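Enquirer: Sequence first, then the predicted structure, then my questions.
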Amino acid sequence: MSEKHVVFGTGQVGHAHALIAQLARSGKDVRAESLHHPKALPEGVDWRAGDATDPDAAADASKGPSVIYQCFVSEATTTEDRCGALPVGMEEGFHERR
């Protein structure tokens, strides 16, 4: 079985597009998670709507993948406002599947 790679964020961070493309070219099983559907994704890449700053959504998205990449840009004015949700949700989802 192929390892699932999940990339949180597909919008403003240019390296997310390059990362997704490289993973897809390498034959990896890739899912992109973001608030809005990206304009273009490589063939074979799945997309799912999700808010990575929501702990429940991040936990749900973190169930199953072997590798998670955090590439989203928060609109919050401070790190404490929103960015703490992703690690908490990721940890919960990752450990729940074990």
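Expert: Arrived safely. On a predicted model such as this, the values are computed, not experimentally measured, just so you know.

Enquirer: now the strands: where do they sit in this structure?
Expert: For the chain, the strands defined by DSSP state E cover 4-8, 29-34, 46-49, 67-70.

Enquirer: need these in TSV with distance to A16, can you?
Expert: C-beta: built from backbone N, CA, C; applies to glycine. Listed next are the strands of the chain as TSV, based on distance: least, Cβ to Cβ, whole Å:
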stretch	distance to A16
strand 4-8	6
strand 29-34	8
strand 46-49	12
strand 67-70	8
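
Enquirer: Of these, which is nearest A58?
Expert: Between A58 and the strands of the chain, the tightest spacing by Cβ to Cβ is seen for strand 4-8, at 7.6 Å.

Enquirer: buried sites along the closest one?
Expert: 5-8 (16 or more other Cβ atoms under 10 Å).

Enquirer: Then stretch 41-52?
Expert: 41, 45, 47, 50-52.

Enquirer: what does stretch 5-25 give?
Expert: Buried residues in stretch 5-25 (16+ other Cβ under 10 Å): 5-10, 16-17, 19-20, 23-24.
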